[in-house]
Structure formats: structure tokens, C-alpha cells
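Enquirer: My questions are about this predicted structure, shown below with the sequence.
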Protein chains: 2
Amino acid sequence: MKDKKFNIYEIARKANVSIATISRAINPETRAKVAPATLKKIDQLIKKYGYTPNLAAKHLSGNVTKTIGVVFPYLPGIFYSNYYNHILAAVSDYLFDTHYQFKMLLLKVAGDTWDKYDFKVGERVDGLLITHWFKFFSKKSILENMKIPCVVLNDVDRKIKTQFVGVDHYLGGQIAANHIYSLGHRRIAMLSGPDWSMDNQQRMKGFIAFLNKKGLRIKPDLIVKADYLEHMAYSKVETLLKIDPKITAIFACNDQMAFGAMSRLKELGIASPKDISVIGFDDEMDAAKFTPPLTTMHVPIYDIATRGTEILINHLQSKDAKKSLRGIEILPVRLVERKSTVKINS
Amino acid sequence: MKDKKFNIYEIARKANVSIATISRAINPETRAKVAPATLKKIDQLIKKYGYTPNLAAKHLSGNVTKTIGVVFPYLPGIFYSNYYNHILAAVSDYLFDTHYQFKMLLLKVAGDTWDKYDFKVGERVDGLLITHWFKFFSKKSILENMKIPCVVLNDVDRKIKTQFVGVDHYLGGQIAANHIYSLGHRRIAMLSGPDWSMDNQQRMKGFIAFLNKKGLRIKPDLIVKADYLEHMAYSKVETLLKIDPKITAIFACNDQMAFGAMSRLKELGIASPKDISVIGFDDEMDAAKFTPPLTTMHVPIYDIATRGTEILINHLQSKDAKKSLRGIEILPVRLVERKSTVKINS
DNA sequence: CTGTTAGCGCTTTCAT
DNA sequence: ATGAAAGCGCTAACAG
């Protein structure tokens, strides 16, 4: 194996053309400017010698990386969560046919905020797909002043000038409430996620607002926090039951908590949905497999990520590639009725 | 926001030193060569102006990327699999405290092999963590002739000169067989994975070899292929039962197939483990949650990936960083006895 | 359609 | 301990 390295000069020499011509030939955008015959000759040489352009040089020279960053909070177990898997799957599926690559950017969030973060080594990407932005930015203005185009996934904040692709969690909360209310439930408990979670807040508010409109108020005691965690929900169920043994429905702000609650209910000999209906939020992959299959609000996270990627890539390929993006795109949330909710007293 | 860009020249000018000194100051390896006073001055400036070195330039100049690639086959749903999630988690956990980053390299495997693959854009990474190598390489020699250090995870092939970190699947197969045999089972069926899978082959061989040694042969009919797929196993169970309605145990070469088989068994009114014991392989996260909790062979994939990353990074930080790696490291497989296997007639 | 040339920002001898 | 200068491989005007 000769380890001679082939750079653009070598190929140019062998092809008897200048490096500029090689450069044109290897870049889709400029390829048309090269004569077909020349092109053919060059392509053969490239293939023959297995030449691949040096990315670092491309980046340095062209000031683009053809890479987008996907920003995740660095949380233990993040790779095991459905949410992130859907996003990764969507991004990589979308990018597969493009010339772009992606890079996962894991940010620690232990009190840190973006402004203090330097990506450890100064990552270079052309654009960013951001999840959980509220965890990273101390001030909203930071998001608005990013030097590269950003698309924020899932959460939407109309007050911030950037590009959002997400779902109306508030509306989702209302739909869930409507479902539960229509089934005749009046004694309802809620399992809420962590305070820092924007979507949790919205889901809660929507749910409560709907019931309020119906003249129904949930006792504050009956809203307990379980931080989106299955095991926490599991252990909070009894607390709930002690406060009001007669609740007939539980709204869990995510599926994980619904799973935890239902497991505990089962152990306590309380039949679900017969005695207590449970509705979740997210529609995770396990929701349908659960016993009983979980009624939940479907959040099309794969679609959200796909659309977000599409917006970002289209923008990066436009003339304004360096400018920031702005807009809001809302995808629908919908109720997926399965077996964990039933009419009261049925 | 002044968008003036700070490069090494700007900082050098402000600090009244040469760019060489800045360069030394910002690199851990050469930092000691700079006078403390100078260092202090430089650090302040860097902080003040928020300077971060341009990675592309570093890479181009230094011929390193401080990035390792994690090679995965591009299969639909890959991000939803436990296997890959464990690997990603391990790599990112390990790298978090280093100055390295990682990049997922998804290779299409539709008949393609590595030699035809150019990483689409000529990825530049300093080293590779490879999973499923057998899918990528038409000839073993390719693996041996990679120009950058590689570590192959999970599968081990003693004939190939490269670095492996994995598990002895053959041994695992034997242990599984021993367990089933010891429980008194003699009429055993097998659910096998796809032929291209090295670990599947090894697991099968080990299992069969053990039984053979005990003088027990499995009827070839009773070995059916379900390609590591849950739904395929689900649908093959009846075939199995038709061939021999009296089987008392099933060895599934991975947990997914075990899940599928048990689901179908349940539907058919066949109690597991009472009527038929089932043992899986992998010990996926769902294995413990299944009803009944699945007895299976635990493959420490997280540990494998962690160790593989460690080997690679250590090597990249050594003087031989450019040379290829060579060696074999075997981590233990062990039986995790849960509820899906019981003594025959118990 | 093709060639010349000037960077891109940093690392690395080689001097001093 | 620090500086000067030569690249690293490619892109992008600008000429022709």
C-alpha cells in the first residue's frame, strides 16, 4: 500500500490541468463549468488514486463545514430516550441524501448556559438544531443573536425571534382535558414534569384551562410533581390516593410518568382503566405495548425533527446561508385513544 | 454585537507577542514553554474577546481532527435499538472529559462495501470505532489496511490483524445451552438471527456444540431463522410447534426474538415458562421488564464500547497515533437468570 | 472553459 | 522564552 497522499495538486498534475479545475470538478455547484472531456479525465484519476478532498482545508478555505450540529443536553441516559432517538433518526434519515453531515453536540447543563459554553473546542458547524433551548440560554437574547442559523425543535416561544418547529403543547393539554372530561371524569389528579420544562408547563396550563372553562378546578394538592420520571410517578401515586382516594382519572404530563403510575396502581390492586383512567403525553413507542395500551397525546417528534432539518438545510443552501432564520411552524398534536381511559363507571 | 472575528493574529497583536506564542499558549502540550507572565496576559485577552481557535485551521495544519468516528450500518430504526444506544452512550460518556469529539458515520450497507465507500465527503477522523465490520468489508485485508487506527467492537475474529474488543459469543452459546440442559430440557428449538451476523453464528455454534457434547442433537427443522426480528420470531413460533408440539424450551439468539416468541406463545395459550422455557441473548433493557422477566445472556455492550473508546483514545494520544492498533480483548458474557426458564415439569 | 494567485488560521521547525 | 516564516489543501476572485 503506497501511502503517498493525494491532494488536489497531485491530481491536477496527473490530469494536466490546474488545481482550480480540479476544485471545480469536485464541487457539485461548479462542476458544470468544466468541459465534459476534462471532467471525464479528472473523474477517472480521482477514482484511480482514491482521492478524497481534505475536509479541513475545504472548511478553512470555504468557511463552511457542510455539517449541522444537533444540540442535546447532556443528561445521563439521554441515548436511551425515545425523544432523542426519534430526533437522531429523523436528522440522519433526512441528511442521508444530502451532502451534509451532522454532529451531536452534547452540552452539559449543570447550571451552565450557552454564553459560557465554548463547545469545548470550538465546534464548527454551519447551523444548529436545538432541543431544550431553555436549558441552555440564560437570556432569550442569546438565542436571537446566535451567529449561525438555528432551528429550535419541539418548544415554541412566540416572543423569541428565531425559527421554531414544534407542537402546541397547550392545545395538547386542552385536548387531553377534553377527552377526560367528556368521559365523565371530575375527580382528576395530575402528574407534572419538572418546572424547567417548557412543554410541561404548557401541557399543564392547557389541561387546567380547559377544565376551568368547564367550571372545574383541580385541587392544588392533586397536582404532584414527578419530574417526567417513571419511578417518581410510581412512588407518588400513593400520595395522590391518600389525598383523594376517589379520583377517577390521572393526567400524566408524559408517558413515562403514566407508565410508572399505572404500574403502581396495578400493584395496589387498583384496576386501570376500570377504577382509574390514565392519559399520558408523547405517545412513546412503548405506549402501545403497555398493558393496558396507553391513551396519550401523540407528539410527532420525528416529523418535527424532519421538518426542522429540512428548513435548516434549505436555508444553508440558499444565498442567505449566513443569516439567521425566523419563523414558527406548528405541527398537529392529536389524541390517540387506546385502552387506558374509559367512561366513568363503565 | 460586533462581529469582528478574532483569530490568532488579533490576539497576538493585542498581546504584543507573535502568533507562535499564542499557539503555544492555547495548546496544553506546549503551554509550559510560555512564560507565566505572558501566559497570564494571553489568557486574559482570550477570555476578554471570547477567542476560540478555528478548528478547521487546526486540523489542516496539525493533520489531526481530535475526532473519532463511530461506524454504524445505516439500517432503518437503528437509533431505536438498544445496541447502538449503549454504544453511543458509552462513547459520549467516555469522551466527555477528553478533548475529543465523536461523529457518527452511517454507512449504507446495501451491497456496498468499505472499499467503495468514500464517506460521501471524505470524512476526516483520527480513528474509528467499528460495529458490524463484517457488513462493510468485502475482504478482511481491508480492515487490516485501514490508514487510521481502528477498534472493532463486539465481534472478534482472531484471524484478522486489528484491535478487537468484544465478547465470546460462542462461549455464551455454550453457557445458555448448559443452563437449558441443566434444567432438564431435551426437546429444544432454536430461533436464529440472520446469516450475515457473526455473533449469531457463534451463538448458534456454541449452543449446538454444547448439546452435542452431551449427546443431544437438535433436529435441523427445529432451527428456524427469524433474522433477529421480533415480529418474525412471533410468526415462526407456530411453525416450530407444528414440527414438534412437545418442545419444552426455545433458545432465541437475541432478546428481540425471545420477546416475539413469548408474545405469540401467550396468545396461543401456552404458558411460559411453565410449558415452554425461553432464553434470550443480549440482555436488553426490556428483558427485565418483560412478563415474565427474560432469562438471557448478558452482553456488556456499554462496557465493550467504553473499553474500545479508551483503547482508541489512549492510542491516539501516544506517539504511534498514526499506526494501526492490534490486539484482542474479551469481556465476560454471563447468564442472567430471571423467570422465563424453569426446570422441566416443574 | 481554464489558469494564477491570494488568502483561510493555525502548527512547527529553525533561529535568536 | 519568543519570533519569523514556511507550509497544510482547498476555494474564490480575477484574468484571459
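Expert: Received, thanks.

Enquirer: Burial check on the residue of the stretch 201-346 of chain A found nearest DNA strand D, number of neighbours?
Expert: Nearest residue of the stretch 201-346 of chain A to DNA strand D: A:Ala321, at 10.7 Å (Cβ to the nearest atom of the strand). (Glycine included, C-beta is placed from N, CA and C.) If you count neighbours by other Cβ atoms under 10 Å in any protein chain shown, A:Ala321 ends up with 14.

Enquirer: That one in helix, strand or coil?
Expert: coil (DSSP: H, G, I helix; E, B strand; the rest coil).

Enquirer: what's the following helix or strand after the lowest-mean-pLDDT helix or strand in chain A?
Expert: In chain A, no helix or strand scores lower on mean pLDDT, DSSP states H and E than helix A:133-136, which sits at a mean of 66. Note on helix A:133-136: by DSSP states H and E, the next helix or strand toward the C-terminus is helix A:140-144.

Enquirer: is chain B contacted by that following helix?
Expert: No: Helix A:140-144 is not in contact with chain B by Cβ under 8 Å from any Cβ of the partner chain; minimum separation 9.7 Å.

Enquirer: do the same with stretch A:251-260
Expert: No: Stretch A:251-260 does not reach chain B (Cβ under 8 Å from any Cβ); its nearest approach is 9.7 Å.

Enquirer: What are the contacting residues of that stretch?
Expert: A:176-177, A:180, A:188-193, A:200, A:203-204, A:207, A:226, A:228-235, A:237, A:250, A:261, A:278-284, A:286-287, A:290, A:294, A:296, A:340 (Cβ atoms under 8 Å, 6 or more residues apart in numbering or on different chains).

Enquirer: where does the stretch 51-200 of chain A come near chain B, residue by residue?
Expert: Within the stretch 51-200 of chain A, the positions near chain B by Cβ under 8 Å from any Cβ are A:52-60, A:65-66, A:74, A:77-80, A:82, A:85-86, A:88-89, A:92, A:96, A:99, A:101-104, A:106, A:108, A:118-124, A:145, A:147.

Enquirer: ok, back up a step: I'd say the residue of the stretch 201-346 of chain A closest to DNA strand D and A:Pro149 touch.
Expert: Yes: applying Cβ atoms under 8 Å as the test, A:Ala321 and A:Pro149 come out as touching, 7.3 Å apart.

Enquirer: anything in contact with each of those two?
Expert: A:126, A:315.

Enquirer: Tell me which residue in the stretch 201-346 of chain A sits closest to chain B.
Expert: For the stretch 201-346 of chain A and chain B, the shortest gap (Cβ to the nearest Cβ) falls at A:Met285, measuring 7.0 Å.

Enquirer: doesn't B:Tyr80 make contact with that residue?
Expert: Yes: the criterion here is Cβ under 8 Å, and A:Met285 meets it with B:Tyr80 at 7.0 Å.

Enquirer: Now, of the contacts of stretch A:251-260, which are buried?
Expert: Neighbour-count burial (16 or more other Cβ atoms under 10 Å in any protein chain shown) applied to the contacts of stretch A:251-260 gives A:176-177, A:180, A:188-193, A:200, A:203-204, A:207, A:226, A:228-230, A:232-234, A:237, A:250, A:261, A:278-284, A:287, A:290, A:294, A:296, A:340.

Enquirer: Helices of the stretch 101-250 of chain A, residue ranges please.
Expert: In the stretch 101-250 of chain A, helices defined by DSSP state H, counting those that start in this stretch lie at A:133-136, A:140-144, A:169-182, A:198-213, A:230-243, listed in chain order.

Enquirer: which one of these lies closest to B:Ile313?
Expert: helix A:133-136 (26.8 Å; Cβ to Cβ).

Enquirer: What residues does the stretch 201-346 of chain A have near chain B?
Expert: Taking Cβ under 8 Å from any Cβ as the criterion, the stretch 201-346 of chain A approaches chain B at residues A:285, A:291.

Enquirer: Can you list the low-confidence ranges for the stretch 201-346 of chain A?
Expert: Applying pLDDT under 70 to the stretch 201-346 of chain A flags the ranges A:346.

Enquirer: Now do the same contact list for the residue of it found nearest DNA strand C.
Expert: Per Cβ to the nearest atom of the strand, A:Lys322 is where the stretch 201-346 of chain A lies closest to DNA strand C, at 13.6 Å. The contact partners of A:Lys322, by Cβ under 8 Å, 6+ apart, come to A:148-149.

Enquirer: again, only this time at 10 Å
Expert: Applying Cβ atoms under 10 Å, 6 or more residues apart in numbering or on different chains, one finds that A:Lys322 lies in contact with A:63-64, A:126-127, A:147-149, A:315-316.
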